[in-house]
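Novice: I would like to see how this sequence folds:
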Amino acid sequence: MSKKYNNVLVVDDSEAEQLMIKQVISNSDFCDKTSTYTSAKQTLDFLTTTPVEQLPEIIFLDIVMPEMDGFAFLDEFEKLPEAIHKKCKIVLLSSSDSFKDLNRANKNRFVKRFLNKPLTDSMLQAINF
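Specialist: Residues are numbered from 1 along each chain as shown. From the prediction side, this is the model:
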């Protein structure tokens, strides 16, 4: 059975969260390869130094992270080349049910979905870009 996507990236400062998200993804038919970063800044470096064809199709991005949060990442992502914008679809993940975060996410043209943690298989199945 073929997977929906080739490559996804999980950006979350919590390694425990990363493990849980990777587990849900690996137990599904969602993608072939899952990579992780604990820092939004590392992720930006990766996006700008990797050939576009090797970039992830989906980035699961935590909102609350030290140093650079998910919204600051989105501000920097906007400055990246259009080819990266087209390749990488962003799904915000949050343990917050704040309407402020939801509204802010919905106003950002790069955020394709806003999901509350924990990520579940049914949430994955509903993602289709």
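Novice: need the residues that contact the one helix or strand in the chain whose mean pLDDT sits lowest.
Specialist: Ranking every helix and strand in the chain by mean pLDDT, DSSP states H and E puts helix 99-107 at the bottom, with a mean of 90. The contact list for helix 99-107 (Cβ atoms under 8 Å, 6 or more residues apart in numbering) reads 63, 71, 92, 94, 111, 114. Glycine gets a C-beta too; all of them are placed from N, C-alpha and C.
Novice: for the fifth one, list the residues it contacts.
Specialist: Counting by Cβ under 8 Å, 6+ apart, residue 111 touches 74, 90-92, 105.
Novice: so it bridges to which residues?
Specialist: residue 90 (DSSP bridges).
Novice: same thing with the fourth one?
Specialist: When bridges are assigned using DSSP bridges, the partners listed for residue 94 are residue 116.
Novice: returning to what we had before: out of the contacts of residue 111, who's the most crowded?
Specialist: The most crowded member of those, judged by other Cβ atoms under 10 Å, is residue 92 (26 neighbours).
Novice: low-confidence ranges, the protein, go.
Specialist: Applying pLDDT under 70 to the chain flags the ranges 1.
Novice: could you redo the last one with a cut-off of 80?
Specialist: The chain contains residues with pLDDT under 80 at 1-2, 96-97.
Novice: just the strands in it please.
Specialist: 5-11, 31-37, 58-62, 89-94, 111-116 (DSSP state E).
Novice: need those in a markdown table (columns: distance to residue 80).
Specialist: Converted to a markdown table, those look like this (distance: least, Cβ to Cβ, whole Å):
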| stretch | distance to residue 80 |
| --- | --- |
| strand 5-11 | 14 |
| strand 31-37 | 15 |
| strand 58-62 | 12 |
| strand 89-94 | 12 |
| strand 111-116 | 15 |
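Novice: most tightly packed of these?
Specialist: strand 58-62 (a mean of 26; mean count of other Cβ atoms under 10 Å).
Novice: can you list contacts of that one?
Specialist: 5, 8-14, 17, 21, 31, 40, 43, 70, 73-74, 88-94, 119, 127, 129.
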